[in-house]
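K.L.:
Coordinates only, no sequence provided:
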């Protein structure tokens, strides 16, 4: 092998094994790691969360017919964010008055807050399948339940079904833009 070929081969090998190329590879690795960290950080900051959108209208006593003591207990528990007690009382109240969907809606919201998401979405589904002014509110909370559960595709699908005439439409559109 001629000396020229030998030098060329050594030079070629040193390009891939020399100190300079190791530094370049290490720097490339660090830049890639830095970019990955930035992407993860910004995705976490911009990802919508349940708590950002779970702003509940306080309950009022005048919304119920029937057992006033049970109504008082349910309203007080919900408004003071004792969702375990609220779910307990509102379940009973909803059973007393099946045609009044308000206790059912707040029962479902209480279930969401205590992470009983599957049961909550069942409650919301029953409300939204009927003819009631709360249909779209129930859809909105169904979407929030899916958001809380991390089922983003399902959340998006429900949000896309909320029509423009619904009071929840603007909130739904805002949340859709965040995805």
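P.N.:
Nice, thanks for sending it over. Treat the numbers as computed from the prediction; the structure is a model and nothing was measured.

K.L.:
just for this structure, where's the confidence low?
P.N.:
Along the chain, the model assigns pLDDT under 70 to residues 1-20, 37, 39-46, 64-67.

K.L.:
now for it, which residue lies nearest the mean position of the chain?
P.N.:
With distances taken as Cα atoms, centre = their mean, residue 147 lies nearest the centre of the chain, 2.3 Å away.

K.L.:
got the phi/psi numbers for it?
P.N.:
Here is the backbone geometry of residue 147 (degrees, to the nearest 10): phi -60, psi -50.

K.L.:
OK, contacts around it?
P.N.:
Contacts of residue 147 were listed using Cβ atoms under 8 Å, 6 or more residues apart in numbering, and they are 48, 49, 50, 53, 155, 175. All C-beta atoms are positioned from the backbone trio N, CA, C, and that covers glycine.

K.L.:
For the one helix or strand residue 69 maps to, name the packing helices and strands.
P.N.:
For residue 69, the host element (DSSP states H and E) is helix 68-79. Judged by 3 or more Cβ pairs under 8 Å, 6 or more residues apart in numbering; DSSP states H and E, the packing partners of helix 68-79 are helix 83-96, helix 101-113.

K.L.:
Can you pull the domain assignment for the protein?
P.N.:
Structural domains assigned to the chain are 3-46, 50-178, following automatic domain parsing.

K.L.:
which element is residue 123 on?
P.N.:
Counting by DSSP H and E, the element that carries residue 123 is helix 117-128.
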